[in-house]
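1. I'll drop the sequence and a predicted model, then ask my questions.
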Amino acid sequence: MNKETSLNDKEITKIPKGVDNKFIPGEPRPEVEFLVIEKTGRRWPYHGGKKALSASTLTRILREIEYEEIPEYILLKAAERGKNFHDIIQEFVQSGNHPLFVDLEEITKLNNLDKRVHETINFLKKNKSLKLGHFLGSETLHHVFYKEELLATYVDLEFRDYIIELKTSNIKANKSPLALLIFEVQLLIQYLCTGKNVYLLWSTGEGIIFEEFKITPHSLQVLDMLMELVHNGEDYTLEMKKAIIQKILSNYSMPKKLIR
């Protein structure tokens with residue numbers, strides 16, 4: 001078994017240059033306004049009439065390439081299972097309540113979603129260094145200016161000194177550079193927007209991957225390239241976009257720890 005990352009005595013990593021995160025948390029900058037997105041019913045920040053960039057927008061081309069051969073109905077079912085998983089885990093962290101099957105020792109008869117819930121909640125219970133009592137909330141909205149561009153994100157689980165991002169993708173995604181790159185961009189946006197340590201808690205159904213996100217010059221270069229693709233996407237053909245993504249992947253690696 002790999003030793004899981006401990007959160008005891010962690011030092012909050014400094015925000016890199018180019019990131020304006022000096023405004024008081026909870027107090028938006030005067031030029032930032034919040035509008036409700038009709039499709040989702042959620043608030044989202046705007047600046048200068050422009051919608052803040054999200055990890056979803058920035059990784060759209062990556063997801064289109066990664067999932068181009070997967071039927072849409074399968075992706076929709078996966079998204080629904082992911083939402084159900086998030087709801088259960090967030091409810092547990094908030095209130096301590098969880099489904100009865102979480103206490104079972106024999107889980108072979110559980111479906112895949114329930115197995116992921118089982119291993120995740122038991123992982124959270126056993127790891128006292130996570131300090132669940134320092135929980136601040138789930139689905140909290142954060143934003144930041146990065147190189148004059150407004151970025152924003154909702155976070156799954158926010159604690160006093162750190163963030164946890166929940167994932168339930170199949171373990172096969174651990175071997176996909178594109179899938180891991182999508183994860184990294186999501187974690188980077190959360191790190192920039194919150195200024196807190198960010199941890200990936202990935203329930204694979206075969207064990208927990210728990211890894212602290214480490215910001216690197218390369219991850220910021222990737223963000224810059226994706227921002228360029230979003231702003232000037234019409235100037236690039238699909239083949240040109242794929243070539244840019246391939247260039248990113250050629251220098252990419254993101255090791256993971258599988259905790260069984």
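-> Good, I have the coordinates.
2. pull the helix or strand with minimum mean pLDDT from this protein.
-> None of the helices or strands of the chain scores lower by mean pLDDT, DSSP states H and E than strand 258-259, at a mean of 42.
3. which intervals of the stretch 51-200 of the chain have sub-threshold pLDDT?
-> Residues of the stretch 51-200 of the chain that meet the criterion pLDDT under 70 lie in 170-174.
4. how about the strands in the stretch 51-200 of the chain?
-> Assigned strands in the stretch 51-200 of the chain, in chain order: 135-137, 140-146, 149-155, 157-159, 162-167, 197-203 (criterion: DSSP state E, counting those that start in this stretch).
5. distance between the third one and the chain's centre?
-> Centroid separation between strand 149-155 and its chain, computed with C-alpha atoms, centre = their mean, to the nearest Å, is 11 Å.
6. now do the second one
-> Between the centre of strand 140-146 and the centre of its chain there are 14 Å (C-alpha atoms, centre = their mean).
7. any idea of the angle that strand forms with strand 162-167?
-> Orientation of strand 140-146 against strand 162-167 (axes from the mean of the first three to the mean of the last three C-alpha atoms, to 10 degrees) gives an angle of 110 degrees.
8. can you put the strands of the stretch 51-200 of the chain in a markdown table and add distance to F213?
-> Using the backbone N, CA and C atoms, a C-beta is placed for each residue, glycine as well. Listed next are the strands of the stretch 51-200 of the chain as a markdown table, based on distance: least, C-beta to C-beta, whole Å:
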| stretch | distance to F213 |
| --- | --- |
| strand 135-137 | 18 |
| strand 140-146 | 15 |
| strand 149-155 | 12 |
| strand 157-159 | 14 |
| strand 162-167 | 8 |
| strand 197-203 | 4 |
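9. Count the neighbours of K126 for me.
-> Using other C-beta atoms under 10 Å, K126 is surrounded by 9 other residues.
10. cool, V36 as well?
-> For V36, the neighbour count with other C-beta under 10 Å is 10.
11. List the contacts of the spatially closest residue to it that is not a sequence neighbour.
-> Closest residue to V36 apart from its sequence neighbours, by C-beta to C-beta, 6 or more residues apart in numbering: R43 at 5.7 Å. Contacts for R43 (C-beta atoms under 8 Å, 6 or more residues apart in numbering) come out as F34, L35, V36, I37, L141.
12. if we can go back for a sec, out of the strands of the stretch 51-200 of the chain, the one nearest M240 is which?
-> strand 149-155 (21.9 Å; C-beta to C-beta).
13. Identify the residues contacting the closest one?
-> For strand 149-155, the external contacting residues (C-beta under 8 Å, 6+ apart) are 32, 42, 44-47, 50, 52-55, 138-145, 163, 165, 186, 189-190, 192-194, 227.
14. Which PyMOL command selects the buried ones in the residues you listed?
-> For the buried members of these, the matching PyMOL selection, counting by 16 or more other C-beta atoms under 10 Å, is:
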select buried, resi 32+44+45+46+47+52+53+54+55+138+142+143+144+145+163+165+186+189+190+192+193+194+227
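15. ok, how many other residues are close to Y154?
-> So Y154, with other C-beta under 10 Å, has 18 neighbours.
16. Contacts made by the longest helix seen in the chain with the rest, please.
-> What stands out as the longest helix in the chain, according to DSSP state H, is helix 72-95. Contacts with helix 72-95, where a contact means C-beta under 8 Å, 6+ apart, come from 67, 97-99, 112-113, 116-117, 120-121, 124, 132, 135, 137-139, 156-157, 166, 168, 203.
17. mind checking how far the residue nearest to V36 is from D224?
-> Look at R43 and D224: by C-beta to C-beta, to the nearest Å, they are 27 Å apart.
18. Show the end-to-end separation of stretch 169-187, please.
-> Using C-alpha to C-alpha, to the nearest Å, the end-to-end distance of stretch 169-187 comes out at 15 Å.
19. Check which residues of it are buried.
-> In stretch 169-187, counting by 16+ other C-beta under 10 Å, buried: 169, 173-174, 177-187.
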